[in-house]
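>>> give me a 3D structure for the following:
(one chain, ligands or ions: 2)
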Amino acid sequence: MELWPGAWTALLLLLLLLLSTLWLCSPSAKYLFKMAFYNGWILFLAILAIPLCAVRGRNVENMKILRLLLLHIKYLYGIRVEVRGAQHFPPVQPYVVVSNHQSSLDLLGMMEVLPDRCVPIAKRELLWAGSAGLACWLAGVIFIDRKRTGDAISVMSEVAQTLLTQDLRVWVFPEGTRNHNGSMLPFKRGAFHLAVQAQVPIVPIVMSSYQDFYCKKERRFNTGRCQVRVLPPVPTEGLTPNDVPALADRVRHSMLTIFREISTDGLGGGDCLKKPGGAGEARL
Ligand SMILES: CCCCCCCCCCCCCC(=O)SCCNC(=O)CCNC(=O)[C@H](O)C(C)(C)COP(=O)(O)OP(=O)(O)OC[C@H]1O[C@@H](n2cnc3c(N)ncnc32)[C@H](O)[C@@H]1OP(=O)(O)O
Ligand SMILES: CCCCCCCC/C=C\CCCCCCCC(=O)OC[C@@H](O)COP(=O)(O)O
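Ligands and ions are numbered 1, 2, ... in the order given. Below you'll find the predicted structure:
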């Protein structure tokens, strides 16, 4: 079909008008656009990262490239990230970072404070996320298969060795999955076993609740602010595997206390659908 040249411009303008009306009138549409762009933009940035990282081969130093490429995203989304307590990072030695996991947006806070030679432990499925998976592999991200506990534990034990021999830091989300409902899930113990096996400190990091500006259930995604708080390191010297449950509980308790203190939704990150007067309440 032959179209008058001006018709294409008119069609494009109409489409733009439709999209902006949807954006303005429907918070759900805005949420979907923003999330789609977030993932799409990361896949695009990963395409840029791959050749840059490939020069060095698989190397944790490549994490700096991913970090530099991702740092601007907070500006695109109008999210103010405030870092507190960065002085608590031990200056040279290996350590294990543990942090709460609310959403894939955690990547923004993570990149804000990611120490040198620090690699995240990620679910194996991420390896298959196209260009992002390849970029993660090139940057030395450690992949675990959550369906095979034995394999995951042996990968973690190997990491306990390489942490010391290759002077590494690892970043673990001990909740083991994203927790969109605010608060924190019970902690899995892998990160704590790892720190005790390597006898290295644990550095807890708490990201404040996103519920003021982001809620997956309500499909709400506005601009907002988030605090990333680095807590003092917790030593593990002299601890044995028997001490792991108490250690994990102690660290979780201190993180939960700070999470409630720095989360501004008045509920300490409670479920946004139950927020008094919140949009979700009417639907419940
Ligand atoms: C430009 C492009 C950029 C792209 C983005 C870049 C950045 C990417 C960022 C990506 C970020 C992505 C972020 C993500 O992907 S988050 C998802 C993946 N991460 C995790 O799951 C980490 C947290 N999970 C754990 O630590 C689990 O414990 C593991 C996975 C290890 C096992 O879990 P599982 O559920 O299968 O079993 P279980 O926890 O019930 O444990 C069973 C028993 O074993 C004990 N046990 C555990 N560990 C050890 C050990 N080492 N030595 C000895 N024992 C150990 C444990 O205490 C328990 O015993 P008991 O206590 O009941 O007696
Ligand atoms: C050719 C194949 C194309 C595949 C396209 C896949 C689309 C994926 C798009 C972009 C990747 C963005 C990478 C963001 C990294 C955030 C990691 C993250 O937050 O993982 C979730 C994991 O912690 C817990 O997973 P679950 O909550 O248990 O689930």
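
>>> quick one, helices of the stretch 1-150 of the chain?
5-25, 27-54, 63-70, 73-76, 106-113, 130-138, 149-165 (DSSP state H, counting those that start in this stretch).

>>> burial count for whatever residue of the stretch 101-250 of the chain ends up closest to ligand 1?
Residue nearest to ligand 1 within the stretch 101-250 of the chain: Gly190 (2.2 Å; Cβ to the nearest ligand atom). Every residue, glycine included, has its C-beta placed from N, CA and C. Neighbour count for Gly190, taken as other Cβ atoms under 10 Å: 24.

>>> same check on Leu14?
The number of residues packed near Leu14 is 10, by other Cβ under 10 Å.

>>> what about it, distance to ligand 1?
34 Å (Cβ to the nearest ligand atom, to the nearest Å).

>>> chain neighbours aside, what residue packs nearest to Leu22?
Ala29 (4.0 Å; Cβ to Cβ, 6 or more residues apart in numbering).

>>> what of Val172?
Ala191 (3.8 Å).

>>> do the same with Arg58
Nearest non-adjacent residue to Arg58, counting by Cβ to Cβ, 6+ apart: Leu138, 5.6 Å away.

>>> picking that back up, any chance of CSV for the helices of the stretch 1-150 of the chain, columns mean pLDDT?
What follows is the helices of the stretch 1-150 of the chain, written out as CSV (pLDDT from 0 to 100):
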stretch, mean pLDDT
helix 5-25, 87
helix 27-54, 96
helix 63-70, 98
helix 73-76, 98
helix 106-113, 98
helix 130-138, 98
helix 149-165, 94
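
>>> for the closest residue to Trp41 other than its chain neighbours, give its distance to Glu112.
Closest residue to Trp41 apart from its sequence neighbours, by Cβ to Cβ, 6+ apart: Ile73 at 6.9 Å. Distance from Ile73 to Glu112, counting by Cβ to Cβ, to the nearest Å: 11 Å.

>>> repeat for Leu12
37 Å.

>>> now swap in Val251 and tell me
21 Å.

>>> who has more neighbours out of the two?
Neighbour tally, Val251 and Glu112, criterion other Cβ under 10 Å: the higher count belongs to Val251, 21 against 18.

>>> the stretch 101-250 of the chain: strands as residue ranges?
118-123, 142-144, 169-172, 202-207, 214-215, 220-221, 224-230 (DSSP state E, counting those that start in this stretch).

>>> nearest to Leu48, out of those?
strand 118-123 (19.7 Å; Cβ to Cβ).

>>> quick check: buried residues in the closest one?
Buried residues in strand 118-123, counted by 16 or more other Cβ atoms under 10 Å: 118-122.

>>> neighbours around the closest residue to Gly85 other than its chain neighbours, how many?
Spatially, and ignoring its direct neighbours in sequence, Gly85 is nearest to Val230 (3.8 Å; Cβ to Cβ, 6+ apart). Using other Cβ under 10 Å, Val230 has 20 neighbouring residues.

>>> what does Leu163 give?
24.

>>> flag every residue of this protein that's near ligand 1.
For the chain, the contact set with ligand 1 under Cβ under 6 Å from any ligand atom comprises 42, 45-46, 49, 66, 69-70, 107, 120-123, 126, 132, 135-136, 141, 144, 146, 149, 152-153, 156-157, 172-174, 176-177, 188-191, 193-194.

>>> switch to 5 Å and redo it
Neighbours of ligand 1 within the chain, by Cβ under 5 Å from any ligand atom: 45-46, 49, 66, 120, 122-123, 132, 135, 149, 152-153, 156, 173, 176, 188-190, 193.

>>> so what's the residue positioned nearest the centre of the chain closest to, chain neighbours aside?
Geometric centre of the chain, nearest residue: Asp106, 2.8 Å, by Cα atoms, centre = their mean. Using Cβ to Cβ, 6+ apart and skipping residues adjacent in sequence, the residue nearest Asp106 is Met207, 6.2 Å away.

>>> quick one: contacts for the one you found?
Neighbouring residues of Met207 by Cβ atoms under 8 Å, 6 or more residues apart in numbering: 99-100, 102, 106, 109, 226-229.

>>> filter those to the buried ones?
For these, a neighbour count by 16+ other Cβ under 10 Å gives the buried set as 99-100, 102, 106, 109, 226-229.

>>> now stretch 181-190: average pLDDT?
For stretch 181-190, mean pLDDT is 91.
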